[in-house]
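Enquirer: Return atomic coordinates for the entry below.
(2 chains)
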Amino acid sequence: AQSVSQHNHHVILSEAASLELGCNYSYGGTVNLFWYVQYPGQHLQLLLKYFSGDPLVKGIKGFEAEFIKSKFSFNLRKPSVQWSDTAEYFCAVRTRGSTLGRLYFGRGTQLTVWP
Amino acid sequence: DTEVTQTPKHLVMGMTNKKSLKCEQHMGHRAMYWYKQKAKKPPELMFVYSYEKLSINESVPSRFSPECPNSSLLNLHLHALQPEDSALYLCASSQGRLADGTDTQYFGPGTRLTVL
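Expert: Numbers count the residues shown, from 1 in each chain, chains lettered A, B, ... in the order given. Model (predicted):
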């Protein structure tokens, strides 16, 4: 089975600080990559996704992520976080050829932003 | 529109009850999913329907029974659950376009299930 690692379990930042959340996966083939966000009491929302092409992808709410194939990574970044970014962030990977679009999720990173 | 709806939002049931969770999407998606999510954990895949056929059952106990009446609806029938089954149950749907690799899952708000 594929594995997705999010090494930071809990990140605490002050408003306006820069954010980078790590995501690494273990699969040598072609992958599709996703970041989902879950605000307190809300459902999973798609932040951004990478399928092919430009490895730097931009998502909603000022987030971006960079796919570095050689490092098997897809780190999420935001230059200046806001209090409203407090949420759980999940990285997910789908391997090409996986059964019916199965997603492999990381354990999640809780981001807390202090005002 | 990327909306997946789920009802009810909250459900409390006893271990002898029978209840059902419902999920609906009108995006023309042909794949639908049930996930279970415990607090502060990632979603765990339970079932996948593709073109109304059950395609994946992740060794889920038989007290959970999925049903896909048509391409827009997905149900999860619950019977004789255990307290450890208390969790957030998430439905998702995707286009089912795996050949071109652009398939994207969109999640519903979930049903918060408590088993007493």
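
Enquirer: Tell me, how many residues neighbour the residue in chain B positioned nearest to chain A?
Expert: Nearest residue of chain B to chain A, counting by Cβ to the nearest Cβ: residue B:42, 3.6 Å away. Heads up, the C-betas are built off the backbone N, CA and C, glycines and all. For residue B:42, the neighbour count with other Cβ atoms under 10 Å in any protein chain shown is 23.

Enquirer: just residue A:26 next, same as before
Expert: 12.

Enquirer: Could I get the pLDDT score of the closest residue to residue A:59 other than its chain neighbours?
Expert: Once flanking residues are discounted, residue A:59 sits nearest to residue A:48: 2.7 Å by Cβ to Cβ, 6 or more residues apart in numbering or on different chains. Here, the pLDDT recorded for residue A:48 equals 96.

Enquirer: Verify the assumption that residue A:20 is located in a strand.
Expert: Yes - assessed with DSSP: H, G, I helix; E, B strand; the rest coil, residue A:20 lies in a strand.

Enquirer: Can you pull the residues of chain A lying near chain B?
Expert: Applying Cβ under 8 Å from any Cβ of the partner chain, we find that chain A lies next to chain B at A:30, A:32, A:34, A:36, A:42-46, A:49, A:51-52, A:88, A:90, A:94, A:96, A:99-103, A:105-108, A:110.

Enquirer: Give me the subset of those residues that lies in strands.
Expert: Taking DSSP state E, the ones among the residues of chain A next to chain B that sit in strands are A:32, A:34, A:36, A:44, A:45, A:46, A:49, A:88, A:90, A:94, A:105, A:110.

Enquirer: Emit the ChimeraX select command for whichever of the residues of chain A next to chain B are buried.
Expert: Here is the ChimeraX command that selects the buried residues among the residues of chain A next to chain B (16 or more other Cβ atoms under 10 Å in any protein chain shown):
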select /A:32,34,36,43,44,45,46,49,51,88,90,94,100,101,102,103,105,106,107,108
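
Enquirer: Quick check: residues of chain B near chain A?
Expert: Residues of chain B lying near chain A (Cβ under 8 Å from any Cβ): B:2, B:31, B:40-43, B:45, B:48, B:50, B:55-56, B:90, B:92, B:94, B:96, B:98, B:101-110.

Enquirer: Next one, pLDDT for the residue of chain A found nearest chain B please.
Expert: When scored by Cβ to the nearest Cβ, chain A has residue A:105 as its residue closest to chain B, at 3.6 Å. Residue A:105 is assigned 93 on the pLDDT scale.

Enquirer: Pretty sure the residue nearest to residue A:59 sits against residue A:37.
Expert: No - Residue A:48 is beyond contact range of residue A:37, at 9.7 Å (criterion: Cβ atoms under 8 Å).

Enquirer: Please identify which of the two sits among more neighbours.
Expert: residue A:37 (22 against 19).

Enquirer: ok, so what distance separates that one from residue A:21?
Expert: Separation of residue A:37 from residue A:21 (Cβ to Cβ, to the nearest Å): 10 Å.

Enquirer: what do you get for residue A:56?
Expert: 15 Å.

Enquirer: the more surrounded of these two?
Expert: residue A:21 (23 against 11).

Enquirer: How about residues contacting the lowest-mean-pLDDT helix or strand in chain B?
Expert: Lowest by mean pLDDT, DSSP states H and E among the helices and strands of chain B is strand B:53-57, with a mean of 85. Residues outside strand B:53-57 that contact it (Cβ atoms under 8 Å, 6 or more residues apart in numbering or on different chains) are A:99, A:100, A:102, B:45, B:46, B:47, B:48, B:49, B:66, B:68.

Enquirer: Report the residue spans of chain A with pLDDT below the cut-off.
Expert: Applying pLDDT under 70 to chain A flags residues A:1, A:97-101.
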